[in-house]
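In: Generate coordinates for the sequence data below:
(2 chains)
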Amino acid sequence: MKTSLLQRGRAELAFVAELGMVGGQIKRAVRKDVEARGLGPHNLAADLDARHAQIETALADSRAYQNFLMLHKWGLGNLTRAAFDAFEANRDHLEPQLTEPTTGPASLTLPDELDIPAYWHNWFHNTTGGWDGHEHMGFIHGELIHRWVVAATFPGNIFAQREAAAAAAPRSDYRRVLDMGCGTGHYTTALTKRFPDAEIWGTDCSLRELQYALRVANSNGWAWRLHRVPNERTGFPDAHFDLVTSYILLHEVPAKAIHETFAEAFRLLEPGGDMVMSDVTRFEKMDPIAVWQQDSAAKREVEPFWRESATLDLKAVAEECGFLDVKSYGLAPMNYPWIVSGRKPGDTRQ
Amino acid sequence: MTAASKQASVAGPSPLVPPLDEASYLLQRRVDDLAQGFMAVTSELWIVKDRLAILEAVLAKHGIDAKAAVDAFEPTGEVKQQLDAERRAWAQRMIGALFPRGLPRVD
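Out: As a prediction, this is how the structure comes out:
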């Protein structure tokens, strides 16, 4: 679809992204301020809450810290608003493309009874209204926020990172692949390109994200099978897939849901099938100042499960669920995304 | 605080004017003044917006639909590069104004 924006929306989203990059620069200055106050791995508290108090007390007179917080607050308060405004200013040419009947090989299946976990209603990333907070949230989040702003501000190439996660799967001959938490389909796209002969399935709790994913699939001629079900309880048959995977999903859910998701992946895999989950960098692989910066940002960004996810031993969880050959590692050069993979016992292909 | 200013504040006599990094010029009660300045900038921005709208109207009278052309213009090539560079410089100047010596460079 034609996603160009009129001048005001285009310029404002570009400016929001620009301020995000300035914020990144100031964030590095904040780190220098922490170090200049004599704080570092040798004397920072191991307990994260105590470390927060320790660093934030030391930064009471730091201009960089105050300005960073001000700028972050502005970004969090204005990103979704700017995207909503851009959509409204361009609704006349965007909406007809988004509401025209979707035709093509893809399908979207909605259950008779919704089973949405309570945590999903959180406004992740401070996204106003949550994932279904706008009738066209799939386009707004997947295109305006993700492609126009996040792609410009996030370190590295967010689409190449998805391709790298897909490439972490050990085989190339999968027949049926499930993308858990597929959203608008950015990772599903990477999977489709990586495994062009496989049947691609996607799950998500967001109706709006799935509706847009359906449009993406059909406009590309991809026969995605999209289902609005929670990852923990998909309702799909046992041993239905030979690859179950997800991209940067786990830090959005509580640890209990991660256990349940891995267990569901195990149930859904045929013997010998692979699970490849990817998520944010583990705190244990980051230095104490970087952990403080990430953990405090997560609080401001309404990411209530980031800490418990980033400190969870994903390898142990996968092994508890029965996976073999479990590997847990970060992709170069930033340990991002973090991969945890494992194989269901009983490989029937050999 | 730079190493030099830290050393000066410890070893030397109290300066009449504190090092720039130490200075706090904006007292809490002056936040109202800051808000007044913000309103002045807002007013000035409106004047520019008004002028742009008038300019578009004048051009339209002469048969040039500048508003539609500007709205639909998709910057590419040199124009995009110029806009990107100017936006970057503008954002850095604006946020840099919150620091005594501009945006901190940490590379």
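In: which SS state does the residue nearest to the spatial centre of chain B fall under?
Out: Using CA atoms, centre = their mean, the residue of chain B that lies closest to the mean C-alpha position is B:Met94, 2.8 Å off. With DSSP: H, G, I helix; E, B strand; the rest coil as the basis, B:Met94 sits in helix.
In: Relative to chain A, how far out is it?
Out: In this view, B:Met94 and chain A are 9 Å apart by CB to the nearest CB, to the nearest Å. For the C-beta atoms, the positions are set from N, CA and C on the backbone; glycine is no exception.
In: mind listing what that residue touches?
Out: Listed by CB atoms under 8 Å, 6 or more residues apart in numbering or on different chains, the contact set of B:Met94 is empty.
In: What number of residues are in the vicinity of residue 96?
Out: Using chain A here. Applying other CB atoms under 10 Å in any protein chain shown, we find 10 residues neighbouring A:Pro96.
In: switch to chain B, that's the one I care about
Out: Around B:Gly96 there are 18 residues (other CB under 10 Å).
In: For the nearest residue to A:Thr245 once chain neighbours are set aside, give its distance to A:Leu314.
Out: Nearest in space to A:Thr245, with sequence neighbours left out and distances taken as CB to CB, 6 or more residues apart in numbering or on different chains, is A:Val276 at 4.5 Å. Per CB to CB, to the nearest Å, A:Val276 is found 12 Å from A:Leu314.
In: Give me the common contacts of those two.
Out: Contact with both A:Val276 and A:Leu314 is made by residues A:Val340, according to CB under 8 Å, 6+ apart.
In: so what secondary structure elements neighbour the helix or strand containing A:Phe15?
Out: A:Phe15 belongs to helix A:7-36 when assigned by DSSP states H and E. Packing partners of helix A:7-36 (3 or more CB pairs under 8 Å, 6 or more residues apart in numbering or on different chains; DSSP states H and E): helix A:63-89, helix A:151-153, helix A:288-300, helix B:66-72, helix B:77-96.
In: If you count neighbours, what's buried in that helix?
Out: A:7, A:9-10, A:12-20, A:22-23, A:25-31, A:33-34 (16 or more other CB atoms under 10 Å in any protein chain shown).
In: cool, stretch A:267-275 as well?
Out: A:267-270, A:272-275.
In: now stretch A:104-120
Out: Buried, per 16+ other CB under 10 Å, within stretch A:104-120: A:106, A:108, A:117, A:119-120.
In: Likewise for stretch A:297-308?
Out: A:298, A:301, A:303, A:305-307.
In: Can you report how many residues lie near residue 89?
Out: Unless you meant another one, I'm taking chain A. Neighbour tally, A:Ala89, other CB under 10 Å: 17.
In: if you could check chain B rather than the one you did, that'd help
Out: By other CB under 10 Å, 12 other residues sit near B:Ala89.
In: again, but for the one 4 residues further on
Out: The local packing count at B:Arg93 equals 11, with neighbours defined by other CB under 10 Å.
In: sorry, back to before: from A:Gln7, how far out is the residue nearest to the centre of chain B?
Out: To A:Gln7, B:Met94 is 20 Å away according to CB to CB.
In: Point out the residues in chain A that sit beside chain B.
Out: Residues of chain A lying near chain B by CB under 8 Å from any CB of the partner chain: A:4, A:6-8, A:10, A:14-15, A:18-19, A:21-22, A:25-26, A:28-29, A:31-32, A:36, A:63-64, A:67, A:70-71.
In: and the end-to-end length of stretch A:117-134?
Out: Using CA to CA, to the nearest Å, one end of stretch A:117-134 lies 20 Å from the other.
In: for it, which positions count as buried?
Out: Neighbour counts over stretch A:117-134 (16+ other CB under 10 Å) mark A:117, A:119-120, A:122, A:124-125, A:127-128, A:130-134 as buried.
In: Kindly report the same for stretch A:38-50.
Out: Buried positions in stretch A:38-50, judged by neighbour count with 16+ other CB under 10 Å: A:39, A:44, A:48.
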